[in-house]
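J.: Need a 3D model of the following:
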Amino acid sequence: MDLSCLEKPKTKPPQITIVAAPGAGKTTLGALFPNPVFIQAEEGTSVFDTWADEDKPSVFPQLPRASKEKKISTKDVLLAQLRSLATQDHDFKTAVIDTVTSLHNLFEHEVCESYGVDNISEAAGGYGKGY
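T.: Got it, this is the predicted structure:
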């Protein structure tokens, strides 16, 4: 084997999940990370109302609730936001999804919408297959 294929391990950015009760400061903490941009699965930006404009983080528009009738997909909007971060030049260093719990609920709703059922247990053939 040729030694020219050797390389040094690359440092990967951390992926952190912050878990706490509502109002504990998860959003505020996320805003304190290096140059954050927020993907909003719920409206949480009111915590920045008293912050100076130059200190407020950048936020994408809140993710929409899926609607089969209106042809709105939470997943498609989220992927477009992530794609813009992955392909466009920017100075952001931290992506904050606020909150993962709300994102999970939006995704469950979208699955239910796509199958025309009322709850995730009935989707994809029932018997809990929607999960």
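J.: What distance do you get for Thr28 to Asp76?
T.: 29 Å (Cβ to Cβ, to the nearest Å). For glycine as for every other residue, the C-beta is placed from the backbone atoms N, C-alpha and C.
J.: For the residue positioned nearest the centre of the chain, list each beta-bridge partner.
T.: The centre of the chain sits closest to Ile97, judged by Cα atoms, centre = their mean, with a distance of 3.5 Å. Ile97 has these beta-bridge partners by DSSP bridges: Ile39.
J.: so Leu103 touches Leu63, yeah?
T.: Yes. At 7.2 Å, Leu103 and Leu63 qualify as touching, with contact defined as Cβ atoms under 8 Å.
J.: Looking at these two, which is more packed in?
T.: Taking neighbours as other Cβ atoms under 10 Å, Leu103 and Leu63 compare with Leu63 leading, 22 against 18.
J.: how would you label that one: helix, strand or coil?
T.: Secondary structure, DSSP: H, G, I helix; E, B strand; the rest coil: Leu63 is coil.
J.: and the lengthiest helix in the chain, what other elements does it pack with?
T.: Ranked by residue count, the top helix of the chain under DSSP state H comes out as helix 100-115. Helix 100-115 sits against helix 74-87, with contacts defined as 3 or more Cβ pairs under 8 Å, 6 or more residues apart in numbering; DSSP states H and E.
J.: Is it correct that the residue nearest to the centre of the chain is in contact with Ile39?
T.: Yes. Using Cβ under 8 Å, Ile97 makes contact with Ile39 at a distance of 4.9 Å.
J.: mind checking the end-to-end distance for stretch 15-33?
T.: Using Cα to Cα, to the nearest Å, the end-to-end distance of stretch 15-33 comes out at 12 Å.
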